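Chemist: could you look at this predicted model? Sequence included:
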Amino acid sequence: MIKVSELLKNKGHDVWSIGPDASVYDAIKLMADKEVGALIVIEDSKLVGVISERDYARKVILKGQSSKDMQIKEIMTTRVIYTKPEQTVEECMALMTEKHIRHLPIIEGEQLVGIISIGDLVKSIIAEQRFIIEQLGKYISG
């Protein structure tokens, strides 16, 4: 079973973040520029929330609000679910499915060391299954 720490070695430890007082518009622009679906919200070097495209769609657009007039702290998710580098990909997949989330910050000690998405987990599982299939094929063909 692949651990999150191994996944981060391949994916990288880049984490895009923004402050809670920034506008929602700035967050959406940064997500578009970096081609990510969520940002970590940091205040005084501390993780205080997550803002995602889902938050934007449900808490701004559907309520007829303006993203330029709203601050991130008004719509961000403050109860952040996270995991540790020693967790397995399968454990993270189960957690994300159970909690209906698509992005999972990785915390080691008190330090934010990365973030993974449901897409990262799916890619990892597919790669592992391909490897197993190749090995079984080699074993069968002798």
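Modeler: In hand now; what should we look at?
Chemist: centre-most residue in this protein?
Modeler: When CA atoms, centre = their mean is applied to the chain, the residue found nearest the centroid is His103 (2.6 Å).
Chemist: can you give me the end-to-end span of stretch 96-111?
Modeler: 21 Å (CA to CA, to the nearest Å).
Chemist: tell me the pLDDT at the residue nearest to the centre of the chain?
Modeler: On the pLDDT scale, His103 is placed at 95.
Chemist: how many other residues sit next to the closest residue to it other than its chain neighbours?
Modeler: Spatially, and ignoring its direct neighbours in sequence, His103 is nearest to Ala38 (4.0 Å; CB to CB, 6 or more residues apart in numbering). Any C-beta I mention is one placed from the backbone N, CA and C, and that applies to glycine too. Residues within reach of Ala38, counting by other CB atoms under 10 Å, total 22.
Chemist: and Ala38, what does it touch?
Modeler: Contacts of Ala38 were listed using CB atoms under 8 Å, 6 or more residues apart in numbering, and they are 31, 50-53, 102-103, 115, 117.
Chemist: who's in contact with the residue nearest to the centre of the chain?
Modeler: Per CB under 8 Å, 6+ apart, neighbours of His103: 37-38, 50, 52, 115-118.
Chemist: what residues sit buried inside the helix or strand harbouring Ile106?
Modeler: For Ile106, the enclosing helix or strand under DSSP states H and E is strand 103-108. For strand 103-108, burial by neighbour count (16 or more other CB atoms under 10 Å) applies to 103-107.
Chemist: quick check: chain neighbours aside, which residue is closest to Met93?
Modeler: Leu121 (5.0 Å).
Chemist: how about the helices in this protein?
Modeler: In the chain, the helices defined using DSSP state H lie at 4-11, 24-34, 53-56, 89-99, 118-141.
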